[in-house]
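> dropping a prediction and its sequence here:
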Amino acid sequence: MSSTVPNAHPPSTADSVPRWKGRPVPWVAQWTGEVPRKPRPEVRYEPAPGGGTRLAYWDATEADWWAPTDNHEAMLWRRTGTGRQGEPQYAMLNTIRQRQAMTELLCQVCGQSADTAGGTAWLMHSIEWQILTGGRGGSDPFWAQAVTGPDGMTPATTNPPTCASCWRTASRMCPSIRKHGAVALVVGAARPVAVTGDVFPAGAGIPEPRRVNFGDEDANRTIARLLVVELDDVQVLPNLSALPVEPRTSTS
Ligand SMILES: [Zn+2]
């Protein structure tokens, strides 16, 4: 490709990448101080707007429920802070920032737009990409369920975009990418279709972590943790250098 990257910052680590003890931390990462202290949320069932019952926090507010559009039935979401207190948990995604990155197509490393020529820039771990494309890259059933669509073919993921300027930073920061490599993509559209979350049993018992589609029967007894999007018009680039990067034109 010889196209330009309208919203790219220079390929060095952007100023908007948070830091901890001088080291860059992905914008989307969860910090220890953002996690509720109680191991289990206090929930109950209440009448649902559409009939039946739904799970709710004891001190429920409207902000607890969220749906990508008015056509989706809102789901209950995990409560989480966004203040980056404590220490970063590099392998965990902050629920609010992950959802924002997916719906506004923001870079998971720097939090800026991941817009690029032809769509949105995405960096996929090689192992995740193998699963998405039907390879045998992973055996964790929860992970495989999260990234594989209902037909087993549609690429779906909880892994937000990475702007082209941050591809090299991401490759340096992520131990898994350093070890296994990554695939660079340009994605035409990302459609929210599901969440991964904790599904509470109808009776007593322990919540089960798994994928739940919007509108599913189980959606009213799920606490969503991460948004799952299906990827349309996916273009695989031959390597990380295939998309040229231009300096930002703005002064931000
Ligand atoms: Zn970025």
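Cool, the structure landed. Keep in mind the model is a prediction, meaning the values are calculated, not measured.
> only C-alpha atoms from now on, for both contacts and neighbour counts.
OK.
> do you know the pLDDT at residue 249?
Residue 249 carries a pLDDT value of 39.
> can you show me the strands along the protein?
With DSSP state E as the criterion, the chain has strands at 19-20, 23-24, 29-31, 43-47, 53-57, 65-66, 75-77, 88-93, 115-116, 119-125, 156-157, 182-199, 208-213, 222-236.
> now the longest one against strand 53-57, angle please.
Between strand 182-199 and strand 53-57, the angle formed by their directions is 100 degrees, by axes from the mean of the first three to the mean of the last three C-alpha atoms, to 10 degrees.
> partners of strand 182-199, with directions?
Strand pairing for strand 182-199, using DSSP bridges, gives strand 119-125 (antiparallel), strand 208-213 (antiparallel), strand 222-236 (antiparallel).
> list the buried residues of it.
For strand 182-199, the buried set under the neighbour-count rule, 16 or more other C-alpha atoms under 10 Å, comprises 182-190, 192-199.
> whichever residue of the stretch 1-150 of the chain sits closest to the ion: neighbouring residues, count only.
Residue of the stretch 1-150 of the chain nearest the ion, by C-alpha to the ion: residue 110 (4.1 Å). Neighbour count of residue 110, defined by other C-alpha atoms under 10 Å: 26.
> ok, residue 132 next?
Number of residues near residue 132 (other C-alpha under 10 Å) recorded here: 23.
> surely it meets residue 183?
No: if you go by C-alpha atoms under 8 Å, residue 132 and residue 183 don't touch, sitting 11.6 Å apart.
> so which residues on the stretch 51-200 of the chain come close to the ion?
Contact residues (C-alpha under 5 Å from the ion) of the stretch 51-200 of the chain with the ion: 107, 109, 110, 163, 166.
> show me what contacts the residue lying closest to the first one once chain neighbours are set aside?
Distances taken as C-alpha to C-alpha, 6 or more residues apart in numbering place residue 162 nearest to residue 107, at 4.4 Å, with adjacent residues excluded. When the contact criterion is C-alpha atoms under 8 Å, 6 or more residues apart in numbering, the partners of residue 162 are 106, 107, 108, 109, 114, 121, 122, 123, 170.
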